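Engineer: pasting a predicted model and its sequence here:
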Amino acid sequence: MAAAAGGHAGAAAEARFISSAKGKGLFATKNIRKGETVFVERPVVSSQFLWNALYNYRACDHCLRALETAEENAQRLLGKSSLVLPHPEQCSTRKDLHQQCPRCQVTYCSAECRQAALEQYHQVLCLGPSRDDPTHPLNKLQEAWRNMHYPPETSSIMLMARMVATIKQAKDKEWWIKAFSQFCSKTANEEEEIVHKLLGDKFKGQLELLRLLFTEALYDEYLSRWFTPEGFRSLFALVGTNGQGIGTR
Ligand SMILES: [Zn+2]
Ligand SMILES: [Zn+2]
């Protein structure tokens, strides 16, 4: 999202607002050569797919960079622990830089990511010793999501949790609310279609269950409108389409 991160200097494209119906689009600012990086942007929030995490695909909890080496990745995916990949020096995974949250043990690719997560949302979302407690509201929410949305996953409910947590932690809450709301530009009908697509035929009941669990885990008076049925549906539709600037992997 441009307001938070923006393209890097010399980027060959920039995000521009097109219309409230279309949202933003990417426009070339010069001729682009083959192989050239077109655009780089840091997501406002990102979150790993929950099934991927459950299946032990280890990624930085903040930037989603892989924590396993290319060889470990190939071994895990092929179920072959004896597999050896040539040229290990080409692998960019730097295990010596990895860091954990001392309270809940989620892992980051670097001290920078651990600090960035802590400053933006992790104080609210850190499960501490309750990490594996199935009765913790955040774990109940994730379990419900996994049971409604089997792989291949296209989104994660934890994106919404990170958005709420970001605002809970922020000093300038209005700035963040404005930043997130610029992604919400859909009509009620469009939102309902997205929710239907994501959750299947029983989507109304499923969405209401998610809203109740989400409220139990994260309710905040300042953000009360996000927890109403309409507000929650808008937020969910935004996350369901992986709005620009918001990412999953
Ligand atoms: Zn990272
Ligand atoms: Zn933690």
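Structural biologist: Nice, thanks for sending it over. Numbers count the residues shown, from 1 in each chain. Ligands and ions are numbered 1, 2, ... in the order given.
Engineer: show me which residues of this protein sit near ligand 1.
Structural biologist: 60, 62-63, 65, 109, 113 (CB under 5 Å from the ion). The way it works is simple: take the backbone N, C-alpha and C, and place the C-beta from them, glycine included.
Engineer: which stretches of this structure form helices?
Structural biologist: Counting by DSSP state H, the chain has helices at residues 50-54, 70-78, 111-117, 123-125, 137-148, 157-169, 173-181, 188-199, 203-218, 229-240.
Engineer: next, the angle helix 157-169 makes with the longest one.
Structural biologist: I take that to be helix 203-218. Counting by axes from the mean of the first three to the mean of the last three CA atoms, to 10 degrees, helix 203-218 points 40 degrees away from the direction of helix 157-169.
Engineer: what angle do helix 203-218 and helix 229-240 make?
Structural biologist: 90 degrees.
Engineer: can you give me the buried ones in helix 203-218?
Structural biologist: 203, 206-207, 209-211, 213-215, 217-218 (16 or more other CB atoms under 10 Å).
Engineer: same list (these) but as a markdown table, adding distance to Ile157 and pLDDT.
Structural biologist: Compiled in a markdown table, the buried residues of helix 203-218 are given as follows (distance: CB to CB, whole Å; pLDDT from 0 to 100):
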| residue | distance to Ile157 | pLDDT |
| --- | --- | --- |
| Phe203 | 14 | 89 |
| Gln206 | 11 | 92 |
| Leu207 | 11 | 94 |
| Leu209 | 11 | 95 |
| Leu210 | 7 | 95 |
| Arg211 | 11 | 96 |
| Leu213 | 9 | 97 |
| Phe214 | 7 | 97 |
| Thr215 | 13 | 97 |
| Ala217 | 10 | 97 |
| Leu218 | 11 | 97 |
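Engineer: ok, the residues you listed vs Thr228, which is closest?
Structural biologist: Within the buried residues of helix 203-218, distances to Thr228 taken as CB to CB reach their minimum at Arg211, with 8.6 Å.
Engineer: before we move on, the earlier item: just the buried residues of helix 203-218 that are near ligand 2?
Structural biologist: Intersecting these with the surroundings of ligand 2, defined as CB under 5 Å from the ion, gives nothing.
Engineer: any buried residues in stretch 127-134, and which?
Structural biologist: Applying a neighbour-count criterion of 16+ other CB under 10 Å, the buried positions in stretch 127-134 are Leu127.
Engineer: around ligand 2, which positions in the chain sit nearby?
Structural biologist: Within the chain, the positions lying close to ligand 2 (CB under 5 Å from the ion) are 101, 103-104, 126.
Engineer: ok, so of those, who is nearest ligand 1?
Structural biologist: Minimum distance to ligand 1 across these is 12.6 Å, recorded for Cys101 (CB to the ion).
Engineer: surely that closest one meets Cys126?
Structural biologist: Yes. Between Cys101 and Cys126 a contact is recorded at 6.2 Å, counting by CB atoms under 8 Å.
Engineer: re the thing from before, can I get the helices of the chain in a markdown table with distance to Phe17?
Structural biologist: Listed next are these as a markdown table, based on distance: least, CB to CB, whole Å:
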| stretch | distance to Phe17 |
| --- | --- |
| helix 50-54 | 32 |
| helix 70-78 | 39 |
| helix 111-117 | 27 |
| helix 123-125 | 30 |
| helix 137-148 | 31 |
| helix 157-169 | 21 |
| helix 173-181 | 14 |
| helix 188-199 | 18 |
| helix 203-218 | 29 |
| helix 229-240 | 16 |
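Engineer: among those helices, which is the most enclosed?
Structural biologist: Among those, judged by mean count of other CB atoms under 10 Å, the one packed with the most neighbours on average is helix 157-169 (a mean of 22).
Engineer: other SSEs contacting that helix?
Structural biologist: In terms of contact count using 3 or more CB pairs under 8 Å, 6 or more residues apart in numbering; DSSP states H and E, helix 157-169 is assigned the packing partners strand 45-47, helix 123-125, helix 137-148, helix 173-181, helix 203-218, helix 229-240, strand 246-248.
Engineer: one step back: mutual contacts of Cys101 and Cys126, please.
Structural biologist: Here Cys101 and Cys126 share no contacting residue, scored by CB atoms under 8 Å, 6 or more residues apart in numbering.
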